[in-house]
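[1] Provided below for reference: sequence and predicted model.
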Amino acid sequence: MIAIIDYEAGNLTSVARALRHIGVECRITKQHDEILASERVIFPGVGAAGEAMEIIRREGLDGVIRETIEQGKPFLGICLGAQIILGESEEDNGTPCLGIIPGTAKRFRSEGIKIPHMGWNDISIARSHPLLEGVDARAQFYFVHSYYPAPEKQEDIIATTDYGLIFASIIGHGNVIATQFHLEKSGRHGLQILKNFCSWNGRE
């Protein structure tokens with residue numbers, strides 16, 4: 001069973017529908033025992049990092065997330081989930097995040113682009129990863145975000161996207177991987193990555 005972490009965001013049910021569409025059992029939950037007993041964990045997200053982190057800490061989910069990762073369970077972050085796993089976000093002049101992967105969620109500042117970055121865009125694969133198996137190199141994915149992940153270490157960048165600047169659109173380390181784009185809104189290519197996650201053993 002896959003646990004979808006419930007931190008009161010608006011897109012949890014769309015991720016659950018996508019998983020059920022590919023025949024995968026899942027549960028939206030904030031119960032610590034259910035998350036810790038799951039085979040793998042997804043943290044999808046929309047909204048603001050500060051508000052999300054406030055709820056995560058209030059519900060004690062920060063410790064649960066760290067424990068599941070330490071156990072070696074595959075962990076997938078989606079959109080905001082690719083930002084809160086970093087050390088901090090530039091939102092509100094600095095929002096402390098989970099610190100699972102060293103780095104910062106930075107705000108787009110390039111001139112001549114619309115913020116948020118919204119719509120379909122390409123990814124350029126920086127290094128191979130099991131979650132990208134069977135994904136067409138020309139595939140496009142759906143983005144909606146004003147901040148982007150900037151890991152400290154180049155080796156934590158799996159794919160990049162060009163939107164006024166080249167930014168990391170897939171990051172990962174060990175049994176943790178996260179996409180800045182919305183897998184559940186990215187058609188068959190997004191579903192392929194979800195399928196790959198559901199069979200991934202957490203090793204690169």
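    That came in fine, so what should we check first? Numbering: from 1, shown residues only.
[2] quick one: the longest helix seen in the chain to chain centroid distance?
    The helix that spans the most residues within the chain, counting by DSSP state H, is helix 187-199. Distance, stretch centre to chain centre, for helix 187-199: 13 Å (C-alpha atoms, centre = their mean, to the nearest Å).
[3] give me the contacts around that helix.
    2, 18-19, 21-22, 24, 40, 42, 74, 76, 130-136, 139-142, 177, 179, 181-184, 186 (C-beta atoms under 8 Å, 6 or more residues apart in numbering). Where you see a C-beta, it was placed from the backbone N, CA and C, and this is true even at glycine.
[4] hmm, try it at 6 Å
    Residues from elsewhere that reach helix 187-199 (C-beta atoms under 6 Å, 6 or more residues apart in numbering): 22, 24, 76, 131, 133, 134, 135, 139, 183.
[5] how about stretch 71-89?
    With C-beta under 6 Å, 6+ apart as the test, stretch 71-89 has contacts from 40-46, 49, 52, 69, 94-105, 147, 149, 175-180, 182-183, 197, 200, 202.
[6] restricted to helices, list these.
    Using DSSP H, 49, 52, 69, 197 are the members of the contacts of stretch 71-89 that sit in helices.
[7] want to throw those into TSV with distance to residue 34 and neighbour count?
    Output for these, formatted as TSV (distance: C-beta to C-beta, whole Å; neighbours: other C-beta atoms under 10 Å):
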residue	distance to residue 34	neighbour count
49	25	23
52	20	25
69	16	20
197	19	22
